[in-house]
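**Student:** take this sequence and fold it.
(chains A and B)
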Number of protein chains: 2
Amino acid sequence: MAEPYTPSARTRVVREPQLAVYDRAQVYEILDAGFVCYLGFSVAGQPYVIPTSYGRAGDVLYIHGSAASRMLRRLSEGLPVCVSVALVDGLVLARSVFNHSMNYRSVMILGTARIVVNEEEKLRALEVLSEQIIPGRWAEARRPNARELSATFVLSVPIQEFSAKVRTGPPIDDEEDGSFPVWAGVVPLKTIAGEPIPDPYLDEGEAVPNYAKSYSRKGWP
Amino acid sequence: MAEPYTPSARTRVVREPQLAVYDRAQVYEILDAGFVCYLGFSVAGQPYVIPTSYGRAGDVLYIHGSAASRMLRRLSEGLPVCVSVALVDGLVLARSVFNHSMNYRSVMILGTARIVVNEEEKLRALEVLSEQIIPGRWAEARRPNARELSATFVLSVPIQEFSAKVRTGPPIDDEEDGSFPVWAGVVPLKTIAGEPIPDPYLDEGEAVPNYAKSYSRKGWP
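**Tutor:** Residues are numbered from 1 along each chain as shown, chains lettered A, B, ... in the order given. You can find the predicted model right below:
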């Protein structure tokens, strides 16, 4: 995981290069903080971008295939994809509109997605996905049976060619705007979990598990 | 805005069609609740997905071009794009792993992006973007000058061909799982704004404006 990473021509960050992150460990931290990615692929020249859940296992991203898989499954060779994950941490209010920005952590992975066909890998991938979204749930919920497993599509994308950007901190204004009479700073944004809502058909006596009661994620600000 | 909308073959929702939303007003509500979209486009067969801010004005989505524009600006004809916006409202914990889901509101727009070249439209688009992200800020911040305006890329995407999906409510388990001994329900997720952090170089006496102090968005649960 600590191996050095050299960006390709297509993943070298050109715009705002000072925000670029090429450190694999830091990229994995960002990926582990999220659980929804945007999967991009093209069919007949038309790009599609589908939001879907993911889980990381080592250098592989497993993606819940769903809609995309209907298009992908005909392509045994796999398909070039782009997977994008962005976590927005705040609105950055500069004195000038031009220097407004956001604080964020983002990762973009280019690669070829393949459909996971091996049953064992598929089951492991589903566990990875489940644990990424809500750690602890896999151990308690009813596991997939053979019928469900074959109805589930999982894509695997190697985390090989990627770029990442992280912005933190206050606005950066042009010097001549320093005295412009307006408040400047950051409005932090964060995601929080609310009180769990029990299923109306829930059996009495099923206590809310801790992973649902105090749901939180590493990397949540 | 109340015109009837008929999905195209590429935007008709096939998976979970009961979640499909084809009502333009409801789609606009979803778009107005967010401010970060994922812009997908292809260059030389490779799809790219770039997270960026957007603003809606009527039937047009304005997108902050940034990185994408470097690739787009050579294409005077415009480029096929897909714009995806998804708001995650909760984790849906079913009794079976298979029936786990998320509550969400999502919109996908297919279309051709063009670069806004008209200075007047560009300025208006920037106002739309600014107001979508933080209403009230445009009136107070230092507006873009000619140099900044020409350094800014804005893309315009018509909201013509789109699909949307909304999931709400409790998990839907298979009947035979009803008695499986595990808690089931929804963990609601929401985004909130924290205490504004003033720029370290802020002039004393610049009070935090209301739009930053109590930042909230319509559509935030």
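**Student:** tell me the contacts of residue A:138?
**Tutor:** Counting by C-beta atoms under 8 Å, 6 or more residues apart in numbering or on different chains, residue A:138 makes contact with A:127, A:130, A:131, B:97. Where C-beta positions appear, they are placed from N, C-alpha and C, glycine not excepted.
**Student:** can I get the residues you listed in a markdown table with pLDDT?
**Tutor:** Listed next are the contacts of residue A:138 as a markdown table, based on pLDDT from 0 to 100:
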| residue | pLDDT |
| --- | --- |
| A:127 | 98 |
| A:130 | 97 |
| A:131 | 97 |
| B:97 | 97 |
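**Student:** list only buried entries from the residues you listed.
**Tutor:** Buried members of the contacts of residue A:138, counted by 16 or more other C-beta atoms under 10 Å in any protein chain shown: A:127, A:130, A:131, B:97.
**Student:** secondary structure class for the first one?
**Tutor:** To tie it back to what came earlier, the one meant is residue A:127. Under the three-state scheme (DSSP: H, G, I helix; E, B strand; the rest coil), residue A:127 adopts helix.
**Student:** got phi/psi on the nearest residue to it once chain neighbours are set aside?
**Tutor:** The shortest distance from residue A:127 to any non-neighbouring residue, by C-beta to C-beta, 6 or more residues apart in numbering or on different chains, is to residue A:138 (5.2 Å). Dihedral angles of residue A:138 (phi, psi; degrees, to the nearest 10) stand at phi -50, psi -40.
**Student:** what's the following helix or strand after the lowest-mean-pLDDT helix or strand in chain A?
**Tutor:** In chain A, no helix or strand scores lower on mean pLDDT, DSSP states H and E than helix A:66-72, which sits at a mean of 62. Next helix or strand after helix A:66-72 toward the C-terminus (DSSP states H and E): strand A:79-93.
**Student:** only alpha carbons, please: show that following strand as CSV.
**Tutor:** Output of strand A:79-93 as CSV, limited to C-alpha atoms (Å, rounded to 0.1, in the frame of the first residue of the first chain):
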residue,chain,number,x,y,z
LEU,A,79,-15.3,-1.7,-20.5
PRO,A,80,-13.3,1.4,-19.9
VAL,A,81,-14.8,3.1,-16.9
CYS,A,82,-14.2,6.1,-14.7
VAL,A,83,-15.1,5.9,-11.0
SER,A,84,-15.4,9.2,-9.2
VAL,A,85,-15.8,9.8,-5.4
ALA,A,86,-16.0,13.2,-3.9
LEU,A,87,-16.7,14.3,-0.3
VAL,A,88,-17.6,17.9,0.2
ASP,A,89,-16.3,19.3,3.5
GLY,A,90,-17.2,22.9,3.2
LEU,A,91,-18.1,26.0,1.2
VAL,A,92,-15.2,28.4,0.9
LEU,A,93,-16.3,32.0,0.8
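**Student:** in space, what's closest to the residue lying farthest from the centre of chain A - neighbours in sequence excluded?
**Tutor:** Taking C-alpha atoms, centre = their mean, the residue of chain A most remote from its mean C-alpha position is residue A:179, at 39.2 Å. Nearest non-adjacent residue to residue A:179, counting by C-beta to C-beta, 6+ apart: residue B:203, 7.1 Å away.
**Student:** check residue A:177 too.
**Tutor:** Among residues not flanking residue A:177 along the chain, residue A:95 sits closest, at 4.3 Å (C-beta to C-beta, 6+ apart).
**Student:** hang on, the one you found packs against residue B:141?
**Tutor:** Yes - counting by C-beta atoms under 8 Å, residue A:95 touches residue B:141, with 6.5 Å between them.
**Student:** between the two, which contacts overlap?
**Tutor:** Each of A:180, A:182 lies in contact with both residue A:95 and residue B:141 under the rule C-beta under 8 Å, 6+ apart.
**Student:** spatially nearest residue to residue A:91 (excluding sequence neighbours)?
**Tutor:** residue A:187 (4.4 Å).
**Student:** Three-state assignment for residue A:56, please.
**Tutor:** Under three-state DSSP, the three-state class of residue A:56 is strand.
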